[in-house]
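In: Got a predicted structure here, sequence first:
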Amino acid sequence: MAMTNYDRIEGRHEPSWRVVVDALPDPAIMIDATGVILHHNPQLADLYPRARPGLSISAIIRIPELLQAIDQARDAEQPMVVQLHDRVPVTRRLSAIISAIATDEPRAGTPAILITFRDMTDQEKHAKMRADFIANASHELRTPLASLKVIVETLQGPASNDTAARERFLAMMTTQTSRMTRLIDDLLSLQRAEMKAHLPPRDRVDICELLDWVNQSLEPLAHANGAELTLVRPEPVEVWVRGEREELAQVFLNLVQNGIKYGGNPGKIDISINVLPEAAGRPTRVAISVADNGEGIPSEHIPRLTERFYRVNVVASREKGGTGLGLAIVKYIVSRHRGELSIDSTIGAGSIFTVTLPVVSWAQKDHAAGN
Ligand SMILES: Nc1ncnc2c1ncn2[C@@H]1O[C@H](COP(=O)(O)OP(=O)(O)OP(=O)(O)O)[C@@H](O)[C@H]1O
Ligand SMILES: [Mg+2]
């Protein structure tokens, strides 16, 4: 008859403590009073692949703080928690909880001490990212707030009777408040995009129609900046992807706006749509490229552009009203749409940002293709 968990817990076949060690979600190891390993759960093998029953714990984990804590734990009433900084095989931060098992007579071969581990490396990295994010966001808000304060003080004092100065200062206040509004909008978009990153979109969007719209919407901005915006829209005329229109619009608006902001002078921004037909087991995809004639991006910056608040030149970006959140939002939205973002840049020639998305169906002008 097969052994049930009940039998195990009752101790008919296996000591029940082994079942408990195996059921623990974190890496766990049981040693006897002499420090010999009696049992460990499968998760421990990821942390300490050399651990085996019968070996001494000190042969596996050579961290003096931990070994010292094990010695002390024997007489401790409460479990002991030790923070470990492991450097071998990789740098990681572990938290170990050492609990003594109450036994009347500690003997070799009898469970005496349970050690469980928690890998804090990721948690600490996330905590640091969160702290950096809050510091950056507050700094970005503090800058316009500080200038608003100066303007208000000037209006209350030296400029209180100067009508011309007042007009100028009011215009400056409008610029600063728009900047703050934009930052808050971007922060909210980022949060929304991040929260939805794991939910596949349900609607369908025609990429060609969407980019027509983006092109038309940004034409006035391009014109005002003396830039030329061109959309190269090939056959087929309809390319449907699974997606959320508003999110995809945000992606291409940001890429084209970046082209206008960081492109050459006069700027030339080319948007192109290319259907990449099914090949070598890869389904049909559509590649949308936004190319500019700017000064290009040094290669060491490229992998970091999608980090929140990352800007190649903070002052230049800020002058153009940028907060450095645009590409972070793009990254989340593209990944939610099962797409890819690639960035190519040549110093002195310009940059090309390409978004590739899986195609649901596409149709040519005269006849339908794909499905
Ligand atoms: N086409 C481009 N050419 C050169 N540099 C670019 C280009 N697009 C982006 N960058 C660089 O990448 C940085 C991040 O871009 P991102 O869109 O995230 O921020 P932003 O445009 O500065 O601000 P926001 O998008 O929030 O208005 C920019 O500050 C700029 O340094
Ligand atoms: Mg941008």
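Out: Thanks, I have it. Note that the structure is a prediction, hence the values are computed from the model and not measured. Ligands and ions are numbered 1, 2, ... in the order given.
In: Can you get me a residue count around residue 180?
Out: 15 (other Cβ atoms under 10 Å). No exception for glycine: its C-beta is placed from N, CA and C like everyone else's.
In: And it, how close does it get to residue 148?
Out: Separation of residue 180 from residue 148 (Cβ to Cβ, to the nearest Å) stands at 8 Å.
In: ok, now residue 291?
Out: Noted for residue 291: a distance of 38 Å to residue 148, by Cβ to Cβ.
In: So between the two, which is more surrounded?
Out: Using other Cβ under 10 Å as the criterion, residue 291 and residue 148 rank with residue 291 on top: 22 against 17.
In: Return the residues in contact with the more buried one.
Out: The contact partners of residue 291, taken as Cβ atoms under 8 Å, 6 or more residues apart in numbering, are 259, 269, 270, 272, 350, 351, 352, 353.
In: For the last one, list each beta-bridge partner.
Out: By that I understand residue 353. On the basis of DSSP bridges, residue 353 is bridged to residue 290, residue 343.
In: now swap in the second one and tell me
Out: Listed by DSSP bridges, the beta-bridge partners for residue 269 are residue 229.
In: Quick check: next helix or strand after whichever strand or helix holds residue 142?
Out: Assigned by DSSP states H and E, residue 142 belongs to helix 121-156. Where DSSP H and E defines the elements, the next helix or strand beyond helix 121-156 is helix 163-196.
In: Just checking that next one against ligand 1, any contact.
Out: Yes: using Cβ under 6 Å from any ligand atom, helix 163-196 reaches ligand 1 at residue 186.
In: From the contact counts, what lies against the next helix or strand after that helix?
Out: Where DSSP H and E defines the elements, the next helix or strand beyond helix 163-196 is strand 204-206. With contacts taken as 3 or more Cβ pairs under 8 Å, 6 or more residues apart in numbering; DSSP states H and E, strand 204-206 sits against strand 238-242.
In: Quick one: residues in contact with the strand it packs on.
Out: 200-209, 248, 273, 275, 286, 337-338, 357-363.
In: which neighbours does it have in its sheet, and in what orientation?
Out: strand 204-206 (antiparallel), strand 350-363 (antiparallel).
In: how about that strand: buried residues?
Out: For strand 238-242, the neighbour count (16 or more other Cβ atoms under 10 Å) marks 239, 240, 241, 242 as buried.
In: Redo those as a markdown table? Include pLDDT and distance to residue 220.
Out: Shown next, in a markdown table, are the buried residues of strand 238-242 (pLDDT from 0 to 100; distance: Cβ to Cβ, whole Å):
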| residue | pLDDT | distance to residue 220 |
| --- | --- | --- |
| 239 | 94 | 26 |
| 240 | 95 | 28 |
| 241 | 96 | 27 |
| 242 | 96 | 31 |
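In: Among those residues, find me the one that's closest to ligand 2.
Out: Of all the buried residues of strand 238-242, residue 241 has the smallest distance to ligand 2: 22.1 Å, by Cβ to the ion.
In: ok, and the closest non-adjacent residue to that closest one?
Out: The shortest distance from residue 241 to any residue other than its chain neighbours is 4.7 Å, reached at residue 357 (Cβ to Cβ, 6 or more residues apart in numbering).
In: Would you double-check that residue 211 falls in a strand?
Out: No: going by DSSP: H, G, I helix; E, B strand; the rest coil, the assignment for residue 211 is helix, not a strand.
In: quick one: it from ligand 2, how far?
Out: Residue 211 sits 17 Å away from ligand 2, going by Cβ to the ion, to the nearest Å.
In: Please apply the same query to residue 96.
Out: 45 Å.
In: Count the neighbours of that residue for me.
Out: Count around residue 96 with other Cβ under 10 Å applied: 23.
In: For this structure, which residue gets nearest to ligand 2?
Out: Closest point on the chain to ligand 2, by Cβ to the ion, is residue 326, at 2.8 Å.
In: OK, contacts around that residue?
Out: Taking Cβ under 8 Å, 6+ apart, we find residue 326 in contact with 186, 254, 257, 258.
In: try it again with 7 Å
Out: 254, 258 (Cβ atoms under 7 Å, 6 or more residues apart in numbering).
In: Near ligand 2, which residues of the chain? Just list them.
Out: Remark: the part of the chain in contact with ligand 2 comprises 254, 258, 326, using Cβ under 5 Å from the ion.
In: Turn those residues into JSON lines, including secondary structure and pLDDT.
Out: Putting the residues of the chain next to ligand 2 into JSON lines (DSSP: H, G, I helix; E, B strand; the rest coil; pLDDT from 0 to 100) gives the following:
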{"residue": "254", "secondary structure": "helix", "pLDDT": "97"}
{"residue": "258", "secondary structure": "helix", "pLDDT": "96"}
{"residue": "326", "secondary structure": "helix", "pLDDT": "95"}
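In: can you redo those as a markdown table with distance to residue 168?
Out: Formatted as a markdown table, the residues of the chain next to ligand 2 follow (distance: Cβ to Cβ, whole Å):
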| residue | distance to residue 168 |
| --- | --- |
| 254 | 31 |
| 258 | 30 |
| 326 | 30 |
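In: where are the low-confidence patches of the stretch 201-350 of the chain?
Out: 235-236 (pLDDT under 70).
In: Which parts of it are helices?
Out: 207-224, 245-262, 314-319, 326-336 (DSSP state H, counting those that start in this stretch).
In: Can you point out the buried residues in the shortest one?
Out: Read that as helix 314-319. For helix 314-319, burial by neighbour count (16+ other Cβ under 10 Å) applies to 317, 318.
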